[in-house]
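Asks: Pasting the sequence and the predicted model now:
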Amino acid sequence: MRILQIAPTIGPGTGVGAVAHHLEQEWQRRGVRTARFTLEDAGGSWLPAPGSGVRGRLALAARVVWFSTVGTVRARRLLAREPGTLSVCHNDVLAGDVYVNHGIVAAAMHARGAFVRRMLRNPLHVLTTVRDAIRYRTGTHRAVVSLTSSERDALRRWYGGLRVPTAVIGNGVDVERFTPPTEADRAEARVRADVPEGATHVVFVGHEFDRKGLDLLLRAAADLPAVHVTVVGGTPDMLADVRRLLARLGTASRVHLAGAVADPRPWLRAADALALPSAYEANALVVLEALACGVPVVATPVGYAPDVVDDGRNGWLVERTVAGVRTGLRAVAALDDDALAAARHAARKTAEQHDWGTVSQQYLDLLEQLA
């Protein structure tokens, strides 16, 4: 078997590209031949990298449009020359035996409210929705993988004319890279994160502050003096908005803005909990990464959270309101040493059931059926 993966980028720490990267590594360990088709192979390496501000958003739009159009043509030509190759597409391109549904833009906008306004103010959302309507209703792929059962159900609601079989295969986590710290490592990480002695340290990881509910977390923590928050992610413009909110709340001394980082592990090692009160998630990798590090999770019941968070055991599922998030934070702060140790142990045990080796085999089973 030879597998070609299609994604704009493939590599660790690149979101969707990281999923393709881990699958590639596991398949290669099993002796499966793999290949890539990326934006560079589609001739788009000249396009600027996305960033902050209007220019950054335009750069992202250009890359999506290029990979959706030129990438589709070139990927189809490549697959036509290699009829024995099985292909897995992760983003944009309208080609491949299997398409991995990493998220539904329309569902994400609807979950956040003001659906029509959110869609129309960003032409890229409209383009993506139309493109995916073509994808799902014309039999472009032979099978579609959704990351959770709820995402599969959402796919059927939004694209009722779905013409191909669907499967549910969740993302995995590198349980060797994301591991619980020793007590010494944890103490050192908390010092480096500037966590005061005895404080409850809650970490937020993500780049889409609005959708992932950062403002809810900060407002909930404002009423809990023992809770300190570290925000990992965001552009300079986004962080400037956060600083203005903190000034109004009067909590700047309890919130550390780490900005965009290549590796969230130093902050997870220093955390008592990860907070992710999202409006919508297809499958947030950081939830599994936190659990693998032995960090309980406070999350809304969207995406992967209901599948892996056992409420009150390895985390808490909360309402997407300030009061709901505050309830979860209070539960974390109320844990004594023994209860926190039990929650951390349960978190790690959960993550071990979702390692990339298990996930990669599920994809191989699906591809072998197609072959």
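Replies: Right, received. Where do you want to start? Residues are numbered from 1 along each chain as shown.
Asks: Okay, helices next: where are they in the stretch 101-250 of the chain?
Replies: Ranges of helices within the stretch 101-250 of the chain are 105-112, 115-120, 123-137, 149-158, 183-192, 209-212, 214-222, 236-249, based on DSSP state H, counting those that start in this stretch.
Asks: Out of these, which gets nearest to Ala273?
Replies: Closest to Ala273 of the helices of the stretch 101-250 of the chain is helix 214-222 (CB to CB; 10.6 Å). Heads up, the C-betas are built off the backbone N, CA and C, glycines and all.
Asks: That closest one packs against which elements?
Replies: If contacts are counted by 3 or more CB pairs under 8 Å, 6 or more residues apart in numbering; DSSP states H and E, helix 214-222 sits against strand 200-205, strand 227-232, helix 236-249, helix 322-333.
Asks: any idea how far the residue nearest to Ala299 when sequence neighbours are not counted is from Gln25?
Replies: Counting by CB to CB, 6 or more residues apart in numbering, Ala299 lies nearest to Ala305, which is 4.0 Å off, once chain neighbours are set aside. According to CB to CB, to the nearest Å, Ala305 and Gln25 sit 26 Å apart.
Asks: the more surrounded of those two?
Replies: Ala305 (26 against 15; other CB atoms under 10 Å).
Asks: That one: what's it in contact with?
Replies: Ala305 sits next to Leu276, Glu281, Ala284, Val287, Val297, Ala299, Gly315, Leu317 when contact means CB atoms under 8 Å, 6 or more residues apart in numbering.
Asks: Verify the contact between the fourth one and Ala299 for me.
Replies: Pointing back at Val287 there. Yes: counting by CB atoms under 8 Å, Ala299 is a contact partner of Val287 at 6.5 Å.
Asks: wait, which of the helices of the stretch 101-250 of the chain is closest to Gly84?
Replies: Among the helices of the stretch 101-250 of the chain, helix 123-137 comes nearest to Gly84, with 23.8 Å by CB to CB.
Asks: how much space between the residue most central in space within the chain and Leu276?
Replies: Centroid check for the chain by CA atoms, centre = their mean gives Ala284 as the closest residue, at 3.2 Å. Ala284 is 6 Å from Leu276, where distance means CB to CB.
Asks: Quickly list what's touching both of those two.
Replies: Looking at what touches both Ala284 and Leu276 (by CB under 8 Å, 6+ apart), the common residues are Gly206, Ala305.
Asks: For stretch 181-188, output the C-alpha coordinates as PDB.
Replies: Coordinates of the C-alpha atoms in stretch 181-188 are reproduced here as PDB (Å, rounded to 0.1, in the frame of the first residue of the first chain):
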ATOM      1  CA  PRO A 181       6.000  16.100  34.600                       C
ATOM      2  CA  THR A 182       7.900  14.900  37.600                       C
ATOM      3  CA  GLU A 183       7.200  16.900  40.800                       C
ATOM      4  CA  ALA A 184      10.500  18.700  40.400                       C
ATOM      5  CA  ASP A 185       9.800  19.500  36.700                       C
ATOM      6  CA  ARG A 186       6.300  20.800  37.600                       C
ATOM      7  CA  ALA A 187       7.700  23.000  40.400                       C
ATOM      8  CA  GLU A 188      10.300  24.400  38.000                       C
END
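Asks: For that stretch, which outside residues touch it?
Replies: With CB under 8 Å, 6+ apart as the test, stretch 181-188 has contacts from Ala189, Arg269, Ala270, Cys293, Gly294.
Asks: Roughly how far does Val16 sit from Asp355?
Replies: Separation of Val16 from Asp355 (CB to CB): 19 Å.
Asks: nope, Ala18 is what I meant
Replies: For Ala18, the distance to Asp355 equals 15 Å [CB to CB].
Asks: Could you do Val175 as well?
Replies: Taken as CB to CB, the span from Val175 to Asp355 is 5 Å.
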